[in-house]
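>>> Got a sequence here, can you build the structure:
(2 chains)
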There are 2 protein chains.
Amino acid sequence: MAKIPKVVSGFPEWLPEARRIEQQWLDTARQIFESYGYASINPSSVEEVSVITAKGEDVDKEIYGLKRLKADDDDKKGSRLALHFDLTVPMTRYVAQNYNNLTFPFKRYQIQRAWRGERPQEGRYREFTQADIDVIDNESISLHFDAEMVRLVHKILSAIGLDEVRTHVNNRKILQGYYEGLEITDPMKAISIVDKLDKIGDEGVSKLLQSDLGLSPELAQRCLDLAKIKTFDSSFVEQVRALGVTNPLLEQGLEELKYVMDSASDVPTGAVCADLSIARGLDYYTGTVYEGKLAEYPGFPTVFAGGRYEDLVGMFLKKKLPGVGISIGFTRIFGKMLKEGRLALAEKSPTNVLVIYDADADMAKLSAKAEVLRDRGINVEVFHDSAVKTAKQIRYADRKGIPYIMFAGETDEVKNIQTGEQVAMDINSWEPAEVGYQTRIVPSSKRSVNPL
Amino acid sequence: MAKIPKVVSGFPEWLPEARRIEQQWLDTARQIFESYGYASINPSSVEEVSVITAKGEDVDKEIYGLKRLKADDDDKKGSRLALHFDLTVPMTRYVAQNYNNLTFPFKRYQIQRAWRGERPQEGRYREFTQADIDVIDNESISLHFDAEMVRLVHKILSAIGLDEVRTHVNNRKILQGYYEGLEITDPMKAISIVDKLDKIGDEGVSKLLQSDLGLSPELAQRCLDLAKIKTFDSSFVEQVRALGVTNPLLEQGLEELKYVMDSASDVPTGAVCADLSIARGLDYYTGTVYEGKLAEYPGFPTVFAGGRYEDLVGMFLKKKLPGVGISIGFTRIFGKMLKEGRLALAEKSPTNVLVIYDADADMAKLSAKAEVLRDRGINVEVFHDSAVKTAKQIRYADRKGIPYIMFAGETDEVKNIQTGEQVAMDINSWEPAEVGYQTRIVPSSKRSVNPL
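Below is the predicted model:
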C-alpha cells in the first residue's frame, strides 16, 4: 500500500493512555448500574431491517444495512440485516422475545456500540458507545423509577468527575395538558415546534406557532411563557399555575414532575433543573423526559437523554409494557473532554512494576516472583531480554509510565522511578503507592494541551 | 407485527443470568491480561474494504459490507466500508497508524465483537466476542512472549474453571525445515496438506502428498512420522532427531519450541502439548503456532489459536514489525458450555439486598439507607411500590435470585431468603455472605439441564 491507512472518519479510536480512562468511565457506569440492581444484557448488534425500522420514525436514512461482499443467491432469499442505530430497539425486541423468561419490573443496562451513517461533526460519530438503562414493567410503571434515573445519572457523571452536567427534566403531560387547556387543536405539533426553541429562538417559535397552527400572537406567547419556566426545585408548580391554565392532564404532569424533583432534593442544587422547554423530539415519550447538557459548552449537543414511554415493546408483543430509561452518550462526552484537554491522561501501560532482567538472572525465578505479585492484584512485567542494558530497561518502564522497577535477587528491592527512592521489598506484602486507575476530568480552568 | 421478532440466526444472545457469567469470563481475561502488562485498545468495528482485505486471503466472501439503507450520491463517492472479521487486521492497521505514539514492545489486548457472514452451525457464529493479545516489536521479537502466551491463556481458562482445555504448540520452522531436509520442493504446500490430518486421516494425507506433490509413499510416510509426535515436555526433540533429518531451520524450530515447552514446565502436565501435527492454515505464521482444544469434545472446533508472524503490520507500514499473539473465541466456548449444561447459571439480578417498602415507610429514608450500603459495594434495590404486600415484595426478590431482604426501621433487620434467618443489621458494617459473582463451569459429570 502506498499510503498508511487510517481509521475511517467518524469512527473514533483512542491511544492506550486515553482508552484506559474510557474503560474507567464505563466500569464506573456499570458498577453504579449494578449497585441499583440493573442487570446487563448484550443484544446482537444486528437486527432484521423490518425490526429496526418498526418504530416508524424517519431514521432509516442513517441505518447501515449489511451485505456480504461476495453475496450469492442464498443472500437474496434471506432477510435484510442492519446494524442497530440505538440500544432501545434491540432492548424492546429482546424483551418481547424473552418475555416469559424475564422477571418484571425488568431492570436492565446495556453498554454497547451503535452505528449511524451520519456526516461526522463535533459530537456526532458514526460509531459510538452508549450506556443505557431502562425499567420495563407490566401494565404500569412506578414513578419511583423516573426519579431513580435522575439520581443514577448524576451519580455516574459525578463519579467520573463531570460535575458540570445539568439534568433538565420535564413531563410531556404538562406540555400536552397546557396546550389542550389553551384549546390548541394539535398539541403534539405544538410540542414539536416549541422543541426548536434552542435553535430558532422565541421569535422563530412564535412565528411557526402562528403560521403552522394558526395561533394568535397572544396564544403563541402563552406557549412561550410555559417554556420559559426553569426552576431547581418544585417551585415550577406555582409558576405554571400562575399562568392560569387548568387541565386534568396538566395537573397530572405537574404532580409527576414534582415527585421527580422532590426525590432529587438531595442532589446538589443546580444539578437538576425542572425545565419546561424540554420536549425531546421522539414521538414515543409520554411522561417524564430528560436531557443532559454540558453547562460549560452551551452549543454542544445533549450528552444524555431519555424518558418514559407507554408502548415501545408493544411494537413487537401484544402486551402493555411501559418503560422509562436514559441513554448516556459516552463517546460524545469522552471525545469532547479529550478535545478540550480536560482528561488527565493515564499511563500507556497498566503495569505497576517492571522486573529488571539481568544477564545472570534466571527467568524462571523472576517469573515465579512476578506471579506472586500478580496474584496479589499487582500488574507486573518481567523485561523480556537480558541482553538489554539495565538503563535501557528502566527507560522502557519510564516511557510506558510504569511507576516501579524491581531488582530481584537474594533480597528483592523496588525503586520508585519518579522519586528515585529504592527500598527492600517483601513480595508477599509490598504494595505500590497507587494501584490501578487514578484518572479524572480536570476542571476547565486547569485544562492541559491535548496531546492526541 | 403478526409474529414476535427474534434475534437473527447466528447472532447469539443470552438471558441476564447467563450474561453475568459471560461478563465474569471477560473480566477475568481482562484482569489477567492487565496483570501481565497488556494495554487495552478498542479499534473501530469498521474498516475500509481495501484495508480489511489487504491480507490477501480468500476471506472476503465472509465479510459484511456496509451500505446506508437510504444511500445517496454521497455514498458513491466515499470509500466502501466493512465490519471487521477478526481483531488482528484492525490491530495491525492501528499499530501502523499510531506507530509514532506507541512504545515497543507494544503489548495490547482487545476484547471485541467480530462478524463473519458464515452459515451458522455449532461453534460458528456470525457475531462473536473474541479476546486477543499480541506483542509487536521492532525488527525482532523475544521468544519470551511466545512462552508468555501459553501461560496467560492457561491461567485465564483455569480461572474461569475450564481445566479441560489443552494447548497444542508447534513451530512452523520445524515443519518447513523437516520438509526441506527431505528435499520436498514445496514445503508450504506440504504444510497445508498435513494440516488436514484431523479431517482426512493418515491415508488421505498420504494420498494428497503423493498426488499433489509427487512424493513417494515412503516420503509421504516420513511426513506423517513427524506429525505423529506429541509430547507433554521437551522429549519431542529426541523423537524428531530420531527421524534422521537434518536441516538448520529444523534445528532452530526445535530450539524455539523447546524454549516454549520448558517455560511452561510449571503448568500442570497435560495442559500443554508439543504437537507436531499442528500447522494453522494461515499463511502468515512463521514460527510458534498455537491451537486450543476442548479435550472433552474432540470434534468441536479450536477454541483459541494464534502464533508468531513476521510481517503483518508490514502490509500497511514499511517497517519490520514482527509479532506473536493468541485469539480466544469466548463466544464459541461460552455457547458450547451453555449448550452442554455446564454453566452454574447466576442470579437474574446483580442485587444483593431488596429493601422492603412498607405502606408507612418514608421512601427518602429508605433510599438514604440503601445509598449507605451501595457506597460500601453492596448492590441494593428499594422496592418501588408501597401498595404491594410484603409477601409479594419478597416473592419478587426470590424470583430475581436476590439473596437478602431488609426491613428498615428504628432498627434495621436483614433476612436471608434461603435460610429464613433474620438478624439485626448495622448498615455501616453488615456484609452479605457472598457479594458479586460466584459462578463456575461445572465438571461434565455434574452437568445440569440447560434451561435456556
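
>>> Apart from its neighbours in sequence, what residue is nearest residue A:358?
The spatial neighbour of residue A:358 that comes closest, neighbours along the chain excluded (CB to CB, 6 or more residues apart in numbering or on different chains), is residue A:386 at 6.3 Å. C-beta coordinates here come from the backbone N, C-alpha and C atoms, glycine included.

>>> what are the phi and psi angles of the residue nearest the centre of chain A?
What sits nearest the mean C-alpha location of chain A, by CA atoms, centre = their mean, is residue A:328, with 2.4 Å. Note on residue A:328: its backbone torsions stand at phi -100, psi 130 [degrees, to the nearest 10].

>>> In this structure it contacts residue A:130, no?
Yes - using CB atoms under 8 Å, residue A:328 is in contact with residue A:130, at 6.5 Å.

>>> burial measure for the closest residue to residue A:243 other than its chain neighbours, as a count.
Distances taken as CB to CB, 6+ apart place residue A:225 nearest to residue A:243, at 5.7 Å, with adjacent residues excluded. Residue A:225 has 16 neighbouring residues, counting by other CB atoms under 10 Å in any protein chain shown.

>>> So for the longest helix anywhere in chain A, mean pLDDT?
When chain A is scanned for its longest helix (criterion: DSSP state H), the result is helix A:16-35. Summarised as a single mean, pLDDT over helix A:16-35 is 95.

>>> Over to stretch A:193-207?
92.

>>> Just the CA trace of that stretch, in PDB.
Output of stretch A:193-207 as PDB, limited to C-alpha atoms (Å, rounded to 0.1, in the frame of the first residue of the first chain):
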ATOM      1  CA  ILE A 193     -42.400  23.400  17.400                       C
ATOM      2  CA  VAL A 194     -41.600  24.600  20.900                       C
ATOM      3  CA  ASP A 195     -38.900  21.900  21.000                       C
ATOM      4  CA  LYS A 196     -37.000  24.100  18.400                       C
ATOM      5  CA  LEU A 197     -36.600  27.000  20.900                       C
ATOM      6  CA  ASP A 198     -32.900  26.300  21.400                       C
ATOM      7  CA  LYS A 199     -32.300  26.500  17.700                       C
ATOM      8  CA  ILE A 200     -34.700  29.200  16.400                       C
ATOM      9  CA  GLY A 201     -35.300  31.300  19.500                       C
ATOM     10  CA  ASP A 202     -38.500  33.000  20.800                       C
ATOM     11  CA  GLU A 203     -39.400  34.800  17.700                       C
ATOM     12  CA  GLY A 204     -38.900  31.800  15.400                       C
ATOM     13  CA  VAL A 205     -41.100  29.600  17.600                       C
ATOM     14  CA  SER A 206     -43.800  32.200  17.800                       C
ATOM     15  CA  LYS A 207     -43.900  32.600  14.000                       C
END
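
>>> contacting residues around it?
Residues from elsewhere that reach stretch A:193-207, judged by CB atoms under 8 Å, 6 or more residues apart in numbering or on different chains: A:175, A:208-209, A:212-213, A:217, A:220-221, A:223-224, A:227, A:277-281.

>>> residue at max distance from the center of chain A?
Outermost residue of chain A (CA atoms, centre = their mean): residue A:360, 51.4 Å.

>>> Can you list the low-confidence ranges for chain A?
For chain A, the stretches with pLDDT under 70 are A:1-2, A:56-61, A:72-79, A:434-441, A:443-452.

>>> Mind checking which of the contacts of stretch A:193-207 are in helices?
Using DSSP H, the contacts of stretch A:193-207 in helices are A:175, A:208, A:209, A:212, A:213, A:217, A:220, A:221, A:223, A:224, A:227.

>>> Look up the closest residue to the second one, ignoring the ones flanking it.
Spelled out, that is residue A:208. residue A:193 (4.8 Å).

>>> In a strand, that neighbour, correct?
No - Residue A:193 is assigned helix when assessed by DSSP: H, G, I helix; E, B strand; the rest coil, not a strand.

>>> Among the ones in helices among the contacts of stretch A:193-207, name the buried ones.
A:175, A:208, A:209, A:213, A:220, A:223, A:224, A:227 (16 or more other CB atoms under 10 Å in any protein chain shown).
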